[in-house]
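Novice: Sequence plus predicted model, see below.
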Amino acid sequence: MVLILGLPKGSLQEATFNVMRKAGFNVQAGSRSYTPSVDDPELQCRLIRPQEISRYVELGLLDAGITGYDWIYENNSDVHEVSEMCYSKATARPVRWVLAVPNDSPIQSVQDLQGKRIATEAVGLTRRYLAQHKVEAEVEFSWGATEVKAPELVDAIVELTETGSSLRANNLRIVDTVLTSTTRLVANKKAWGDPWKRAKIEQLALLLQGALAAEARVLLKLNVPADKLDAVSAILPSLHAPTVNKLNDADWYAVESVVEEKVVRDIVPPLRAAGATGIIELQLNKVIF
């Protein structure tokens, strides 16, 4: 039995390969390869543009795939959504499709688009957005370099942004958010109904979620004298409670805990002041809740 998995080719590819590796699947692809190798005989991968993955999953040409919610919405794909995975090209934040115009444009709201021309790669998404606001405008498909088309070729654009830096660099301002999107693992409904394939997809989802959960966390290990244990434990956050073990020296304990990486710089000094020594910070590959 083999599960055919679609992986996103392009801007999300490197981040996806990294998450797969941390989940335990070593995926490798050449610069022109669309069939990357993976060290799991039960898994076959296909590199496909994320815009197309949900359609191929719906058709059953892929058993499952990783793509953005925006493209599932754009394609109106009838697929089973297995899990949300909060990662993108540069950050762990959701991405946004935004309505943007030149800084000096008189357009201030979606209502000002009446009769105007808009360029976007997400034509269906944009037309639905306009229909929701009862605005009639011409929406044209953009083959790329969408940011440079306003104001000479179009009045506005609907473009994907993660940090907003590209829009600012092209002297564009955001008027409204059209759709917020995160990465999703989706499955073909027939494949989801197959016991073996469903179990394989659920295994994949569990490991991927564990890898993503680990990206924001580290393992702290430290030694604490017995008379300082309560004070140190009161400072140290944990998933449930810190792990505490006696050392060979009866007056000392080894303490370890999984904590969010962003708090380490704030808690290490008070931990040291409270009596902790030998503090070690270790990176994690997976945290399974």
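Specialist: Noted; the coordinates are in hand.

Novice: can we go C-alpha only for contacts and neighbour counts from here?
Specialist: Noted.

Novice: Return the residues in contact with the closest residue to residue 161 other than its chain neighbours.
Specialist: Among residues not flanking residue 161 along the chain, residue 96 sits closest, at 5.4 Å (CA to CA, 6 or more residues apart in numbering). Applying CA atoms under 8 Å, 6 or more residues apart in numbering to residue 96 gives the contacts 160-162, 177-181.

Novice: now residue 285
Specialist: 22-23, 210-211, 214-215.

Novice: Most widely separated two among these?
Specialist: Farthest-apart pair in the contacts of residue 285 is 23 and 215; separation 11.2 Å (CA to CA).

Novice: and stretch 138-145, what's its mean pLDDT?
Specialist: Throughout stretch 138-145, pLDDT has a mean value of 93.

Novice: so how far is that stretch off the chain centroid?
Specialist: Centroid separation between stretch 138-145 and its chain, computed with CA atoms, centre = their mean, to the nearest Å, is 25 Å.

Novice: Where is pLDDT lowest across the contacts of residue 96?
Specialist: Checking pLDDT across these, the minimum falls on residue 162 at 85.

Novice: For residue 263, give its distance to residue 238.
Specialist: Distance, residue 263 to residue 238, using CA to CA, to the nearest Å: 11 Å.

Novice: hang on, the earlier thing: so which of the contacts of residue 285 sit within helices?
Specialist: Judged by DSSP state H, those include 22-23, 210-211, 214-215 as members of helices.

Novice: center of this structure - which residue?
Specialist: residue 87 (1.7 Å; CA atoms, centre = their mean).

Novice: ok but that one is inside a helix, no?
Specialist: No. Residue 87: not assigned to a helix; according to DSSP: H, G, I helix; E, B strand; the rest coil it is coil.

Novice: correct me, but it touches residue 93?
Specialist: Yes. Taking contacts as CA atoms under 8 Å, residue 87 lies within contact range of residue 93: 6.5 Å.

Novice: any residues in contact with both of these two?
Specialist: residue 182.

Novice: outside of the lowest-mean-pLDDT helix or strand in the chain, which residues touch it?
Specialist: Lowest by mean pLDDT, DSSP states H and E among the helices and strands of the chain is helix 165-169, with a mean of 89. With contact meaning CA under 8 Å, 6+ apart, helix 165-169 is reached by 100, 147, 161, 173.

Novice: now that helix, how far from the chain's geometric center?
Specialist: The answer for helix 165-169 is 21 Å, by CA atoms, centre = their mean.

Novice: One more: stretch 139-154?
Specialist: Worked out by CA atoms, centre = their mean, stretch 139-154 lies 27 Å from the chain centre.

Novice: so residue 199 is in which element?
Specialist: Per DSSP states H and E, residue 199 falls inside helix 195-215.

Novice: Identify each buried residue in the helix or strand just after that helix, please.
Specialist: Downstream of helix 195-215, the first helix or strand assigned by DSSP H and E is strand 217-225. Neighbour counts over strand 217-225 (16 or more other CA atoms under 10 Å) mark 217-225 as buried.

Novice: thinking again about what came up before, where do the contact lists of residue 23 and residue 215 overlap?
Specialist: Residues touching both residue 23 and residue 215 (CA under 8 Å, 6+ apart): 285-286.

Novice: higher neighbour count, those two?
Specialist: Using other CA atoms under 10 Å as the criterion, residue 23 and residue 215 rank with residue 23 on top: 22 against 18.

Novice: my guess is the more buried one contacts residue 213, does it?
Specialist: No. Using CA under 8 Å, residue 23 makes no contact with residue 213, being 10.6 Å away.

Novice: Mutual contacts of these two, please.
Specialist: Taking CA under 8 Å, 6+ apart as the contact rule, residue 23 and residue 213 both touch residue 286.

Novice: care to break the chain down by domain?
Specialist: Using automatic domain parsing, the domain ranges for the chain come out as 3-92+183-214, 95-181, 217-283.

Novice: Could you give the separation between the terminal residues of the longest one?
Specialist: With CA to CA as the measure, the ends of domain 3-92+183-214 fall 25 Å from one another.

Novice: do the same with the last one
Specialist: The first residue of domain 217-283 is 8 Å away from its last residue (CA to CA).
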